[in-house]
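Visitor: Any chance you could fold what I've pasted below:
(one chain, ligands or ions: 1)
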Amino acid sequence: MAQTGTVLVLGGSSGIGEATVRRLVAGGTPVVFTHRTGADRAGRICAELGPDVRTVHCDVRDPESLAAAFAAAGEGLTGVVHCVGAWTYTRLAELTLDELDDAWAMNGRSVVLALQHAGRLLPEGGAVVVVSSVAAELAPPRQASYVMTKAAAEAAARVAAKELGRQGIRVVVVRPGATDTPQLRGSTSEKAIEAMAGAPALRRLGAPDDLAGVITFLLGPDARWVTGTVVEATGGLR
Ligand SMILES: NC(=O)c1ccc[n+]([C@@H]2O[C@H](COP(=O)([O-])OP(=O)(O)OC[C@H]3O[C@@H](n4cnc5c(N)ncnc54)[C@H](OP(=O)(O)O)[C@@H]3O)[C@@H](O)[C@H]2O)c1
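Guide: Numbering: from 1, shown residues only. Next up is the predicted model:
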């Protein structure tokens, strides 16, 4: 479904964000997406998808870098997808201050800053999708820093929906469950992934494009009455 303008996808060089970039471009929407470590991969995605897609480097933990990504998106921005986030499997008792601060900068603070930029830049009819995690609700053990910072991001998004609603801007949270991305494969044991795949009603891991379909829908005009809410896309986890 075509957007009227450009969509900025934060974290578009891999996983769910990359699938979202591909869907948007396939639907005729111009996209600017960010990469951090994956410059080569991002370049290949641009070369493959053509002139309607551009990539910029961004580390969302650095407020100036995040601001530069919004500036690079330029005029005509109508949608933003925040699809950057990372977890560790550290027990609460072993969390360090550095790990807590990093989790906040990545999963929480960057969402607040992105919502501020979006409020300044998006026109009436614009939309923001914040990718959280079902972990924010389920609070699994060994994920305290992830759970609490994603929950904070969700809270900020729900407040922003009320504040930005006056401008006709929507804000929606999407909660994936376990999704087959490079991050999941790189962080989680095969055995744990197998258990995750067996948990939802639909008995498999999510595919990045399963989430991209939901995100793209929520950005588009058919979701014009959806804001300030959390959409779970987990294959039926509970
Ligand atoms: N996969 C899952 O099972 C799962 C489940 C629930 C929620 N989620 C959420 O879904 C979102 C996407 O996760 P994913 O699994 O698709 O991850 P992924 O495959 O690792 O992709 C993450 C993306 O974020 C970028 N990124 C990483 N650190 C960054 C930073 N500090 N600043 C800016 N960009 C950064 C990466 O860029 P480079 O690759 O270029 O470095 C990449 O484009 C996250 O918010 C995650 O919490 C994932």
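Visitor: For the closest residue to L100 other than its chain neighbours, which residues are in contact?
Guide: Of all residues not flanking L100 in the chain, S145 sits nearest, at 5.7 Å (C-beta to C-beta, 6 or more residues apart in numbering). (Each C-beta comes from the backbone N, C-alpha and C, glycine too.) By C-beta atoms under 8 Å, 6 or more residues apart in numbering, S145 lies in contact with 87-88, 90, 95, 99-100, 103-104.
Visitor: Show me the strands in the protein, by range?
Guide: Using DSSP state E, the strands found in the chain span residues 6-10, 31-35, 53-57, 77-82, 127-131, 170-176, 229-233.
Visitor: May I see these arranged in JSON lines, with mean pLDDT and distance to the ligand as well?
Guide: As requested, the strands of the chain are exported to JSON lines (pLDDT from 0 to 100; distance: least, C-beta to the nearest ligand atom, whole Å):
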{"stretch": "strand 6-10", "mean pLDDT": "98", "distance to the ligand": "6"}
{"stretch": "strand 31-35", "mean pLDDT": "98", "distance to the ligand": "4"}
{"stretch": "strand 53-57", "mean pLDDT": "98", "distance to the ligand": "8"}
{"stretch": "strand 77-82", "mean pLDDT": "98", "distance to the ligand": "7"}
{"stretch": "strand 127-131", "mean pLDDT": "99", "distance to the ligand": "4"}
{"stretch": "strand 170-176", "mean pLDDT": "99", "distance to the ligand": "4"}
{"stretch": "strand 229-233", "mean pLDDT": "98", "distance to the ligand": "10"}
